[in-house]
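Q: Fold the following for me, if possible:
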Amino acid sequence: MTNSERFTIGFYFQAMTRILVSPGQFFRELPGNVGFRQPLGFLVMSSLFFTGASLTCIHERPVLMGGILLVNAIAMPFVTAGAGFVVMTMTVGKRVTFKRFFAVYAFATGVTLLASWIPLFVWLTEPWKWLLIAIGLVRGCGLRWLQALTIIGCSIFVLVLFFWALVPVILYVKGLT
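A: Residues are numbered from 1 along each chain as shown. Sure, this is the predicted structure:
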């Protein structure tokens, strides 16, 4: 494992600063062989902060809610990147590896998680996250703006339909308890 593949606290703060200052340059300079270690480490660190900070606003069942928030914060970038990758493959063809595609989603999500715990900030952080993802897809994955926006729009639509379809199942399971 080379130094460029290692995840360190120093890398975390450098990446955070670079994304906040110049996201286009950060995504443009992503290594061609980016793996899962640095993006996942970045996402986990931000998710831990998000979970801890969110618990300051949660008073019932904090351990359960903390676990749910942590799993959700780490898993959703995989889900959204997976949906986006499928949409990209179906619409414009496979342009980049899933590792690179996931890295864009993980770094964009990790940055926005730092403010997402504040009540009602979701109205700011969600559009910001999707804007960062679009910048990452254009600068880091070589897509055109229209392609990036199409991928994002279609993947959001697919995810909304998927979770909407789960509502009857959740209500059924909830009725059994």
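Q: C-alpha from now on. contacts and neighbour counts both.
A: Noted.
Q: Any buried residues in the helix or strand hosting residue 154, and which?
A: Element membership of residue 154 [criterion: DSSP states H and E] is helix 145-176. Neighbour-count burial for helix 145-176 flags 147, 148, 149, 150, 151, 152, 154, 155, 156, 158 (criterion: 16 or more other CA atoms under 10 Å).
Q: just stretch 92-105 next, same as before
A: Neighbour-count burial for stretch 92-105, with 16+ other CA under 10 Å as criterion, is recorded at 96, 98, 100, 101, 102, 103, 104, 105.
Q: which one of the residues you listed is nearest residue 126?
A: The closest of these to residue 126 turns out to be residue 105 (CA to CA; 12.3 Å).
Q: pLDDT below threshold where in the protein?
A: 1-4, 177 (pLDDT under 70).
Q: switch to 80 and redo it
A: 1-5, 95, 176-177 (pLDDT under 80).
Q: For it, just list every one of the helices.
A: 9-21, 23-28, 37-54, 62-91, 98-116, 122-139, 145-176 (DSSP state H).
Q: looking at the ones you listed, which is buried most?
A: helix 98-116 (a mean of 24; mean count of other CA atoms under 10 Å).
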